[in-house]
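Enquirer: Have a look; sequence and predicted model below, questions after that.
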Amino acid sequence: MSKLKKLLAYVRRGFHVPRMHWNDIFTDLFERCTKAYRAGEFDYEKDFSAKELEFLGSIGYKPREFFDFVEDYVDEGVPSATTALLVAAVRRDYFLVQQGGVASVNVVTRDDLPGFGEEFQGIAYLPRILVKARAKLRGELDPDLMFSCGGDRNFLSKHGDTPAEDFLRHVWASGDDDAKVAEWIKAQ
């Protein structure tokens, strides 16, 4: 039964209509975009409605970063819709708590990223994913960059099969202390 039919059934029976929370809206939007992408119809630059763009902005998300999760999910099967939601939850929390709901105007580009082989405390790729994770938290990733791309997923898989959202939360909790993240990664 569709959500609309369920809501109408609630109303007819005299029940209070449950309000959709941000996570439900995110999940519905992810599902809509996934279907559209599979049908070859989705263009992230023009296929979001004004209401959807407003929603994305309210959680600190940009259309392209949302689309990247949809695209990878459809094309590669990962990250899952659940992972996309959990990563968005960390970003949303950071946006509301640390940034007070105000988007950053800074942009981290490919030129700002450490190289793929750079190491910190003997851990290759850690410097790169740290810069990307912090930029993801602040909403500063260039549209051509994705946190939780194939390289990030490979790194996290090799280091304790760490979920991307857990990595983001640890980076947030570590502040600017890369050594704390390295210790945590080594313990995985």
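Expert: All right, it came through fine.
Enquirer: what about D75, helix or strand, and which?
Expert: According to DSSP states H and E, D75 maps onto helix 63-76.
Enquirer: buried stuff in that helix?
Expert: P63, R64, E65, F66, F67, D68, F69, V70, E71, D72, Y73 (16 or more other C-beta atoms under 10 Å). (Glycine included, C-beta is placed from N, CA and C.)
Enquirer: what sits against the fourth one?
Expert: Contact partners of F66, counting by C-beta atoms under 8 Å, 6 or more residues apart in numbering, are L29, F30, C33, Y44, L56, A84, A88.
Enquirer: For N23, state which of the residues you listed is nearest.
Expert: A88 (8.3 Å; C-beta to C-beta).
Enquirer: my guess is the closest one meets Y61, correct?
Expert: Yes - between A88 and Y61 there is a contact under C-beta atoms under 8 Å: 6.3 Å.
Enquirer: Report the distance from the helix holding D75 to the chain centre.
Expert: How far helix 63-76 lies from its chain's middle: 10 Å, per C-alpha atoms, centre = their mean, to the nearest Å.
Enquirer: so where's the protein uncertain?
Expert: 1-20 (pLDDT under 70).
Enquirer: quick one: the strands in it?
Expert: Secondary structure of the chain, counting by DSSP state E: strands at 119-120, 123-124.
Enquirer: any chance of those in TSV, plus mean neighbour count and distance to D177?
Expert: Shown next, in TSV, are those (neighbours: other C-beta atoms under 10 Å; distance: least, C-beta to C-beta, whole Å):
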stretch	mean neighbour count	distance to D177
strand 119-120	16	11
strand 123-124	16	15
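Enquirer: Kindly export stretch 143-162 (C-alpha atoms) in CSV.
Expert: Output of stretch 143-162 as CSV, limited to C-alpha atoms (Å, rounded to 0.1, in the frame of the first residue of the first chain):
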residue,chain,number,x,y,z
PRO,A,143,30.9,18.8,-6.5
ASP,A,144,33.4,16.6,-8.3
LEU,A,145,34.5,15.0,-5.1
MET,A,146,32.6,12.4,-3.0
PHE,A,147,33.1,11.2,0.5
SER,A,148,32.5,7.4,0.5
CYS,A,149,33.6,7.0,-3.1
GLY,A,150,35.2,3.7,-4.2
GLY,A,151,38.6,4.7,-2.8
ASP,A,152,37.2,5.7,0.5
ARG,A,153,35.1,2.5,0.7
ASN,A,154,38.2,0.4,-0.1
PHE,A,155,40.2,2.1,2.7
LEU,A,156,37.4,1.7,5.2
SER,A,157,36.9,-2.0,4.2
LYS,A,158,40.6,-2.7,4.7
HIS,A,159,40.5,-1.1,8.1
GLY,A,160,38.0,-3.0,10.1
ASP,A,161,35.2,-2.9,7.6
THR,A,162,34.4,0.5,9.1
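Enquirer: change the start of the numbering to 823 and stick with it
Expert: New numbering, starting at 823: the last item is stretch 965-984.
Enquirer: just the helices in this structure please.
Expert: Secondary structure of the chain (DSSP state H): helices at 825-834, 844-860, 872-880, 885-898, 903-919, 948-960, 972-980, 986-996, 1000-1009.
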